[in-house]
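> mind folding the following:
(chains A, B, C and D)
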There are 2 protein chains.
Amino acid sequence: MNAGFQFPPNVLAAECPSRTVLKHLTSQWGVLVMLALQGGTLRFSALRRRVGGVSERMLSQTLQALEGDGLVLRIAHPVVPPHVEYSLTVLGVGAAERVGALTGWIEDHLAEIQAAQVTA
Amino acid sequence: MNAGFQFPPNVLAAECPSRTVLKHLTSQWGVLVMLALQGGTLRFSALRRRVGGVSERMLSQTLQALEGDGLVLRIAHPVVPPHVEYSLTVLGVGAAERVGALTGWIEDHLAEIQAAQVTA
DNA sequence: GGAAGTACATACATAAATGTTAGTATGAGA
DNA sequence: TCTCATACTAACATTTATGTATGTACTTCC
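Numbers count the residues shown, from 1 in each chain, chains lettered A, B, ... in the order given. Predicted coordinates:
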């Protein structure tokens, strides 16, 4: 059924397949896309406006990676001006919660961090 | 006191300073180092052995970034064969908890994710 | 005596991430 | 008619991340 991996999964192990998922989720744009989709379904261009600084290319690549991991659902309506909607899968909602907890923590403690930066 | 940033902090905004901290924490090695230090104080070489795949160069750079954000504490004992200890600061403990929640989630749901990858 | 371990820095080289520009097919609005 | 918006892809250029090799100063173990 599965290849010869070590179990249970451990991200600290270099060859653990969880590393790939970790990379997708913690990539610069991966984090932000998950966060943006936490607010609900969004179209490609709306997502692009929501995530400050993403290029179309990066957004599309990031979405494909997350879709490939089963975290994001892509629904394309075959209409003439393209209409595609992105949302979180059930699995994605769980991941987004943890990602959101991290970014939320950073936002809440940014002042303290900046104070530490000056002192150090 | 502070420059002309927008408040409150918002990672979805391209110019928000929280983006820098996010980058450090979600960098490939940043995540893993925080995780490794969750288990307690470690010396440089022990840390290197713990985090599968890091090179000395990356480990040292990562530690410096995290130290600069006030998340990691570095204590150097001025002895002849160098002896340096790394640990999480109070601030770092909070960050590590969120990072750990994310990596833990990934490890716990890796099977589901892999199933989705095959199907998709 | 020679090898190995410690905690790095520095220089160089390469791999990976990201950005920029242009292009596609078509409909709506000025 | 001309431009804009949509959701992309492909090609190319650049920046950033990461790896590799080497050196250091001194000590301990074989």
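> all helices of chain A, in order?
Listed from the start of the chain, chain A has helices (DSSP state H) covering A:18-26, A:28-37, A:44-50, A:56-68, A:90-119.
> now the fourth one: average pLDDT?
When pLDDT is averaged along helix A:56-68, the result is 96.
> elements contacting that helix?
Using 3 or more Cβ pairs under 8 Å, 6 or more residues apart in numbering or on different chains; DSSP states H and E as the contact definition, the elements that helix A:56-68 packs against are helix A:18-26, helix A:28-37, helix A:44-50, strand A:72-77. C-betas here are computed from N, CA, C, even on glycine.
> hmm, 6 Å instead?
Using 3 or more Cβ pairs under 6 Å, 6 or more residues apart in numbering or on different chains; DSSP states H and E as the contact test, the elements touching helix A:56-68 are helix A:28-37.
> is any part of the helix it packs on close to DNA strand C?
Yes. Using Cβ under 7 Å from any atom of the strand, a contact is recorded between helix A:28-37 and DNA strand C, made by A:28, A:29.
> center of chain A - which residue?
residue A:30 (3.1 Å; Cα atoms, centre = their mean).
> contact partners for that one?
For residue A:30, the residues meeting the contact criterion (Cβ atoms under 6 Å, 6 or more residues apart in numbering or on different chains) are A:24, A:62.
> and it, what pLDDT?
So, for residue A:30, pLDDT stands at 97.
> picking up where we left off before, got CSV for the helices of chain A, with distance to DNA strand D too?
Written out in CSV, the entries for the helices of chain A read as follows (distance: least, Cβ to the nearest atom of the strand, whole Å):
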stretch, distance to DNA strand D
helix A:18-26, 9
helix A:28-37, 9
helix A:44-50, 3
helix A:56-68, 4
helix A:90-119, 16
